[in-house]
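Trainee: generate a structure from the sequence data that follows.
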Amino acid sequence: MVYSGDDWDSETPYKNLDTKKYYESTLPLFENKGFKFYKVSARWYDEKEDTFKKAWKFDNGTWTKTNKSIKPDIYWDATETIKFYNRYKLLSEIKNKIPVINNPHFRYIMSNKVFQYAIFKKFMSPTWIVHSKAELKKHIRKTKGDIAVIKPIYGHGGNGVVVENKSKILKKRIEYPVLLQEFINGEDGIPGRKEKAFSDLRIVFVNHKPIYANTRTAHGNYITNFHAGGIAREFPLKQIPKKTWVSIKKIQEKIKHFDNCHYSLDFLFTKTGKPVLVELNCKPGVDLLNKIGNLKTNKKYLEALLKSI
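Mentor: So this is what the prediction gives:
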């Protein structure tokens, strides 16, 4: 697994305890399949030798450092989005030699929310790209209701997302360009469920096949992201509304030619039960599985990844 930054002087390769627990509980599944797992910084890559100069090695439940050069058989890209774009050409070349998760061409397109809207406009709420305060004032009048949504063009984990009253948004200091979206009031939750609370539905896919799903309920605001305080629960695939599967099928028609891709589709639902695509996330957080999933779900997810490569 390749990531951004440099933590060689740290005692552990994971700052987030949930992420650390997730990998330490599930990586033995890789070991049982004969895989050796290394975690490396993109900075340690030697392009001339096509190797990583050093690495964190996972072995029998513990992490150790090795200064031995590593030449991977599979490249799992977990770098930050902006850092990914700087390495896109290199990753494309690596993909010609060994499997890369995620497909770099897929990630190049789907990490940009402007590209996403251009491709999936039919399934999303009305969206505008705004480059200035003047443009924000102009377009925010077009959105329905008293609340609007501001999103960075790049980003994940709910970082930089603003869901507030329009008058408050207009008073905020905003780094442009950003996306302005019409607010979808998902306060009725998932159709068919008794629980009525502002919730979204995330379905995680490996090579376009659904592996698991979860709901995320906002806590004290309209941000459902787990890292921003949302409350997550696993959701049975069988209970996903039929209208959602119809939308998923049409969405996947637009991306079916990409292989080795791993992503999630996030939906909110209108009061009439219509699914609205919030975004495609090509780097869904795995630490959530440690909180809501069971060993069976974890195993299903990892085996799907292994099968895909």
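
Trainee: use CA for all of it now, contacts and neighbours both
Mentor: Fine.

Trainee: how about the strands in the stretch 101-250 of the chain?
Mentor: Remark: strands of the stretch 101-250 of the chain, listed N- to C-terminal, are 127-130, 147-152, 162-165, 178-182, 199-206, 209-217, 231-235; assignment by DSSP state E, counting those that start in this stretch.

Trainee: most packed of these?
Mentor: Ranked by mean neighbour count under mean count of other CA atoms under 10 Å, the strands of the stretch 101-250 of the chain are led by strand 199-206, which reaches a mean of 24.

Trainee: spatially nearest residue to K283 (excluding sequence neighbours)?
Mentor: Nearest residue to K283 in three dimensions, chain neighbours excluded: Y263, at 6.2 Å (CA to CA, 6 or more residues apart in numbering).

Trainee: okay, now that neighbour: neighbour count?
Mentor: Other residues within reach of Y263, judged by other CA atoms under 10 Å, total 23.

Trainee: what about the host helix or strand of it, average pLDDT?
Mentor: When secondary structure is defined using DSSP states H and E, the element that contains Y263 is strand 262-269. This predicted structure assigns strand 262-269 an average pLDDT of 95.

Trainee: who's in contact with stretch 100-111?
Mentor: With contact meaning CA atoms under 8 Å, 6 or more residues apart in numbering, stretch 100-111 is reached by 74-77, 81, 85, 88, 91-92, 94-95, 115-116, 154-155, 258-262, 280-282.

Trainee: likewise stretch 296-309?
Mentor: Residues outside stretch 296-309 that contact it (CA under 8 Å, 6+ apart) are 26, 29-30, 99, 206-207, 211-212, 260, 289.

Trainee: dump that stretch to CSV, restricted to CA.
Mentor: Coordinates of each C-alpha in stretch 296-309 appear next as CSV, following Å, rounded to 0.1, in the frame of the first residue of the first chain:
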residue,chain,number,x,y,z
LYS,A,296,-17.7,-11.9,7.4
THR,A,297,-18.1,-8.5,5.7
ASN,A,298,-14.4,-7.8,6.1
LYS,A,299,-13.5,-11.1,4.5
LYS,A,300,-16.0,-10.6,1.7
TYR,A,301,-14.5,-7.2,0.9
LEU,A,302,-10.9,-8.2,0.9
GLU,A,303,-11.5,-11.4,-1.1
ALA,A,304,-13.3,-9.3,-3.7
LEU,A,305,-10.2,-7.1,-3.9
LEU,A,306,-7.9,-10.0,-4.3
LYS,A,307,-10.1,-11.6,-6.9
SER,A,308,-10.2,-8.4,-8.9
ILE,A,309,-6.5,-8.4,-9.3
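
Trainee: start the count at 865 instead of 1 going forward.
Mentor: With the count now opening at 865, the last piece we talked about shows up as stretch 1160-1173.

Trainee: so what are the domain limits for the chain?
Mentor: Taking automatic domain parsing as the domain assignment, the record places the domains of the chain at 866-966, 990-1046, 1049-1172.

Trainee: any chance of the ones you listed in a markdown table with distance to S975 as columns?
Mentor: Converted to a markdown table, the domains of the chain look like this (distance: least, CA to CA, whole Å):
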| stretch | distance to S975 |
| --- | --- |
| domain 866-966 | 7 |
| domain 990-1046 | 6 |
| domain 1049-1172 | 7 |
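
Trainee: F984 is nearest to which of these?
Mentor: domain 1049-1172 (7.0 Å; CA to CA).

Trainee: low-confidence ranges in the protein?
Mentor: 1020-1022, 1084-1085, 1087-1094, 1151-1152, 1154-1155, 1157-1158 (pLDDT under 70).

Trainee: ok, L1000 touching K1006?
Mentor: No. Shown here, L1000 and K1006 do not form a contact pair, counting by CA atoms under 8 Å, at 10.2 Å.

Trainee: those two: which is more packed in?
Mentor: In terms of neighbours (other CA under 10 Å), L1000 is the more surrounded of L1000 and K1006; the figures are 21 against 11.
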